[in-house]
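*Asks:* build me a model from this:
(one chain, ligands or ions: 1)
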Amino acid sequence: MAMLNIDNINVYYGAIHALKGISVEVNQGEIVTLIGANGAGKSTTLRTISGLLKPKSGKIMFEDQNIAGIAAQNIVKMGISQVPEGRRVFAHMTVLENLEMGAYLRSNSKEIKADMDMVFGRFPRLAERRGQLAGTLSGGEQQMLAMGRALMSRPRILLLDEPSMGLAPLLVKEIFSIIRDINATGTTILLVEQNAHMALSIANKAYVLETGRITLSGDAKQLAESEEIRKAYLGG
Ligand code: ATP
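*Replies:* As a prediction, the model looks like this:
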């Protein structure tokens, strides 16, 4: 059984039919990526999983429970955490306070402290800047903070929305290597990216979205080699 099974969901923004029967499967331990152009529906898919949008029809099975339409904070409690597009850290709070916010649904302070140490171990730059206001961090550091904050809820699956957006190539490499590490220590990853090249290089499986529909899916390495993907998403 897949850990997360999105089954034929339809999602609307008012009259706009944003997702037209999307189905996606994520198995425990995998990195799965959704790629596609601007406006294809990638963020909408993540927002629907995390409970910010409710599908008009279809199911989202997280293990044996249909989570479609469940309130966002309950979805976080179940072990699904999203890192939103554009980071959205709390600019006027310190790094430490931002991380504490990520644990706001938890109460075991010993465990929270242990996870804080884990995050600082994974992101040494955040440890150095723990007292600094988040708004004064660089783009790459803010991305790390947003990821660290999501990890503070101890997710079983992490939803990442365009972590490479606006970052210099070296930082993109660093962020992707961190994503790989997070996965290697047991967290399942669903990654939305416009940078198809990087996304396909770390993913097990990939889905291509075009205007609200999945047009291609399969093994990430195979898709990276396919003529269609190379032409449309990898610059020839
Ligand atoms: P991007 O990389 O730009 O985020 P995306 O693939 O994530 O692209 P979505 O943001 O999911 O695409 O958008 C899918 C469709 O839904 C687009 O046609 C978009 O214009 C529309 N849309 C997204 N958000 C809203 C909203 N809040 N209200 C109305 N329409 C929206």
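*Asks:* Three-state assignment for the residue nearest the centre of the chain, please.
*Replies:* In the chain, the C-alpha nearest the mean C-alpha coordinate belongs to L160, at 1.6 Å (C-alpha atoms, centre = their mean). What DSSP: H, G, I helix; E, B strand; the rest coil gives for L160 is strand.
*Asks:* you'd agree it is up against T188?
*Replies:* No: if you go by C-beta atoms under 8 Å, L160 and T188 don't touch, sitting 11.3 Å apart. (Glycine included, C-beta is placed from N, CA and C.)
*Asks:* could you find the closest non-adjacent residue to K56?
*Replies:* Spatial nearest neighbour of K56, chain neighbours left out: N10 (4.9 Å); criterion: C-beta to C-beta, 6 or more residues apart in numbering.
*Asks:* go on, T44?
*Replies:* Excluding the flanking residues, the one nearest T44 by C-beta to C-beta, 6+ apart is A18, at 4.7 Å.
*Asks:* what's the answer for P155, then?
*Replies:* Distances taken as C-beta to C-beta, 6+ apart place S81 nearest to P155, at 3.7 Å, with adjacent residues excluded.
*Asks:* how many neighbours does that neighbour have?
*Replies:* The local packing of S81 (other C-beta atoms under 10 Å) involves 23 other residues.
*Asks:* that one falls within a helix, correct?
*Replies:* No: using three-state DSSP, the assignment for S81 is strand, not a helix.
*Asks:* can you give me the pLDDT of it?
*Replies:* Listed pLDDT for S81 reads 95.
*Asks:* what's the answer for L160, then?
*Replies:* For L160, pLDDT reads 97.
*Asks:* tell me where this structure has helices.
*Replies:* 42-49, 72-78, 95-102, 109-122, 124-128, 139-151, 169-184, 196-202, 220-225, 227-233 (DSSP state H).
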